[in-house]
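Asker: need a 3D model of the following:
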Amino acid sequence: MRRIIIIFFLLLAGLFNFAYSQNKINRTDYAEKINQLVYHLSCDSNDPQAAKKLIKTYSSALREYQHEMVRLQSVADSFKWTNTYELMNKLNGLSNEILFNSTASLIVCEPKVYTDELLEVKQKAVPELYEAGIKSLRNGSKLKAKEAYSYFVKVEQLSPNFKDVSQKIQEARHKATLNVVIEKMATQRFYQNFLNQLQSEFRYDKCVNIYSYKEAKQRKIGPVDWYVRISFINFENKVATFYQGSYFIDINIVAEIKIFSTIENKDILSTRIPWQYVWTSSEPGECDVQGLFYSLSLSINDYVYDVVSRFMGQYKY
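Answerer: Prediction:
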């Protein structure tokens, strides 16, 4: 009997978690669903099914958002005012979508719009975010400084003149910034392509700076946090084979990727990628070693770039 009761409660907990996850999924879909229904009604204002769906969808959104706001006030959540503010803004967005459409506004009567309440909640969310930023900044790590930076940016967006938020943004950004230097390589064209790709990838990340070896030296960048080293080793090529009027050479090489962290004083990434490249020519004498090696390195360029950029994006420094 006891075993049956335990199984029952486990099943009940599973159902609750499933229902909660489904509610979270549905909640994120409300904006898209209402947008689609409003657009449909703009094209066909006499569709009764679309009208019913709009009323049902908006009512569900209103009920769930307001329920979540009440729940936030009853639990120990360090971001309860920030989350409440975001929920109010989301609901206002849904309501405005309806209000700004003549057909939809006749179907959903007086959709809820937060005005005074939104201002009041914002005034409570600002110090909440500011204190979270101060707490993260005290931690000392770059990851926490980056977290603090995001909090302070939100504070400035909500209240530009709040305390010393502009100064805190600069302080947090300075502590969070990761200076990365791409070390010199034998294949200059590969180096330039790889460098350009990586700089483009992190162009909008204000806490990551990517430098070439030359630029870092000229600008005396310091401290450098990461050194990215890429080298090609174990170069092997087979004897050229002739097939259907063309010469083929199978080339094997290994790309060695290392990222050395001066923060941790060790290689935080060390991997080798075996690679095969088939060089083709109509004439055996056309094989230019430098051009061949460039073509080879270019063929592996995107793969090496993906490994490095993915690592940098996920690493919790």
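Asker: mind showing which ranges of the stretch 201-317 of the chain have poor pLDDT?
Answerer: Along the stretch 201-317 of the chain, segments meeting pLDDT under 70 span 238-240, 242-245, 281-289.
Asker: for it, which segments count as strands?
Answerer: 208-212, 226-237, 241-243, 246-261, 266-281 (DSSP state E, counting those that start in this stretch).
Asker: make JSON lines from the ones you listed and add mean neighbour count and distance to Tyr58 to it.
Answerer: Glycine gets a C-beta too; all of them are placed from N, C-alpha and C. Formatted as JSON lines, those follow (neighbours: other Cβ atoms under 10 Å; distance: least, Cβ to Cβ, whole Å):
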{"stretch": "strand 208-212", "mean neighbour count": "20", "distance to Tyr58": "41"}
{"stretch": "strand 226-237", "mean neighbour count": "16", "distance to Tyr58": "49"}
{"stretch": "strand 241-243", "mean neighbour count": "9", "distance to Tyr58": "67"}
{"stretch": "strand 246-261", "mean neighbour count": "17", "distance to Tyr58": "50"}
{"stretch": "strand 266-281", "mean neighbour count": "14", "distance to Tyr58": "49"}
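Asker: between the ones you listed, which one is nearest to Gly140?
Answerer: Nearest of the strands of the stretch 201-317 of the chain to Gly140, taken as Cβ to Cβ: strand 246-261 at 16.1 Å.
Asker: now the angle between strand 266-281 and that closest one, please.
Answerer: Counting by axes from the mean of the first three to the mean of the last three Cα atoms, to 10 degrees, strand 246-261 lies at 170 degrees to strand 266-281.
Asker: in its sheet, what does strand 246-261 sit against?
Answerer: Note on strand 246-261: by DSSP bridges, its sheet partners are strand 226-237 (antiparallel), strand 241-243 (antiparallel), strand 266-281 (antiparallel).
Asker: related to what we said a few turns ago, between the strands of the stretch 201-317 of the chain, which one is closest to Arg71.
Answerer: strand 208-212 (36.7 Å).
Asker: the closest one - contacts with which helices or strands?
Answerer: strand 178-182, helix 188-201 (3 or more Cβ pairs under 8 Å, 6 or more residues apart in numbering; DSSP states H and E).
Asker: now tell me what touches the shortest one from outside.
Answerer: Okay, so that is strand 178-182. For strand 178-182, the external contacting residues (Cβ atoms under 8 Å, 6 or more residues apart in numbering) are 142, 191, 194-195, 198, 207-213, 216, 221-228, 230, 312, 317.
Asker: one more time with 6 Å, if that's ok
Answerer: 195, 208-213, 216, 221, 224-228 (Cβ atoms under 6 Å, 6 or more residues apart in numbering).
Asker: what mean pLDDT does it have?
Answerer: Mean pLDDT, strand 178-182: 96.
Asker: partner strands of it and their direction?
Answerer: Partners of strand 178-182 in its sheet, by DSSP bridges: strand 208-212 (parallel), strand 226-237 (parallel).
Asker: and the longest one, C-alpha only, in PDB?
Answerer: This file holds the C-alpha atoms of strand 226-237, laid out as PDB (Å, rounded to 0.1, in the frame of the first residue of the first chain):
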ATOM      1  CA  TRP A 226      43.600  34.500 -23.400                       C
ATOM      2  CA  TYR A 227      46.000  33.600 -26.100                       C
ATOM      3  CA  VAL A 228      44.600  31.600 -29.000                       C
ATOM      4  CA  ARG A 229      47.100  29.400 -30.800                       C
ATOM      5  CA  ILE A 230      46.400  27.500 -34.000                       C
ATOM      6  CA  SER A 231      49.000  25.400 -35.700                       C
ATOM      7  CA  PHE A 232      49.100  22.800 -38.400                       C
ATOM      8  CA  ILE A 233      51.100  19.600 -37.700                       C
ATOM      9  CA  ASN A 234      51.700  16.100 -39.000                       C
ATOM     10  CA  PHE A 235      51.500  17.200 -42.700                       C
ATOM     11  CA  GLU A 236      51.400  14.200 -45.000                       C
ATOM     12  CA  ASN A 237      50.700  13.800 -48.700                       C
END
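Asker: quick one: it to helix 188-201, angle?
Answerer: For strand 226-237 against helix 188-201, the angle by the same axes, to 10 degrees is 140 degrees.
Asker: now the shortest one
Answerer: With the same axes, to 10 degrees defining the directions, strand 208-212 sits at 160 degrees from helix 188-201.
Asker: ok, back up a step: any chance of the strands paired with strand 178-182 in JSON lines, with distance to Arg272 too?
Answerer: As requested, those are exported to JSON lines (distance: least, Cβ to Cβ, whole Å):
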{"stretch": "strand 208-212", "distance to Arg272": "23"}
{"stretch": "strand 226-237", "distance to Arg272": "8"}
